[in-house]
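> with the input below, show me the fold.
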Amino acid sequence: MLFQKFSEMFPDFKNTSFVVIPIPLHKNKLRRRGFNQAELLAREFSRLSHISLLTNSLLKIKETPAQVDAPDRETRLKNLEGAFAADSKKLTAYGLQHKAIILIDDVSTTGATLIHASAALQHAGAQKIIGLVIAHGG
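The predicted structure follows:
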């Protein structure tokens, strides 16, 4: 479904240089959960679209409270300040400045995660970022 909607919005996507990057989990949360749902979605999206998947280039370096527990947008934005870092060496080696990033997450409520993850990628040289999510919660 995610790929279908994307291909409807960007019918000529094969003529653009994209890369898929999932929203990462903090290493402690990943260890507890055992999987990253955004990465699973990104892997399937990559498989269907034939767009390269780039993992471990965007990191969640700060463990944050679950966003679902935050009472409002301002709290969610504050929770995620400094939470993400992009590995600029990996991204530069991959030619990121010449590609559009498809940043994939499972759910977006206020957009705070996408905003802060995108900022980290922009700081590392990303020029164009498209956020894709499966669901929007409220």
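> distance between the helix or strand of the chain with the lowest mean pLDDT and the chain's centre?
The helix or strand of the chain with the poorest confidence is helix 88-93; it has a mean of 85 (mean pLDDT, DSSP states H and E). Remark: helix 88-93 is offset 16 Å from the chain centroid, using Cα atoms, centre = their mean, to the nearest Å.
> next secondary structure after it?
Sequence-wise, the next helix or strand downstream of helix 88-93 (DSSP states H and E) is strand 100-108.
> which other residues reach that following strand?
Here strand 100-108 makes contact (Cβ atoms under 8 Å, 6 or more residues apart in numbering) with 2, 6, 16-23, 37-38, 41-42, 45, 51, 113-114, 117-118, 121, 126-137. (C-beta placed from N, C-alpha, C; glycine too.)
> render the CA-only coordinates of the helix or strand hosting residue 118 in PDB, please.
If you go by DSSP H and E, residue 118 is part of helix 112-123. Output of helix 112-123 as PDB, limited to C-alpha atoms (Å, rounded to 0.1, in the frame of the first residue of the first chain):
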ATOM      1  CA  ALA A 112       8.100  15.500  15.400                       C
ATOM      2  CA  THR A 113      10.100  12.400  14.500                       C
ATOM      3  CA  LEU A 114      10.200  13.200  10.800                       C
ATOM      4  CA  ILE A 115      11.100  16.800  11.500                       C
ATOM      5  CA  HIS A 116      14.100  15.900  13.800                       C
ATOM      6  CA  ALA A 117      15.300  13.000  11.700                       C
ATOM      7  CA  SER A 118      15.100  15.200   8.500                       C
ATOM      8  CA  ALA A 119      17.100  18.000  10.300                       C
ATOM      9  CA  ALA A 120      19.900  15.500  11.100                       C
ATOM     10  CA  LEU A 121      20.000  14.400   7.400                       C
ATOM     11  CA  GLN A 122      20.000  18.000   6.200                       C
ATOM     12  CA  HIS A 123      22.800  18.800   8.500                       C
END
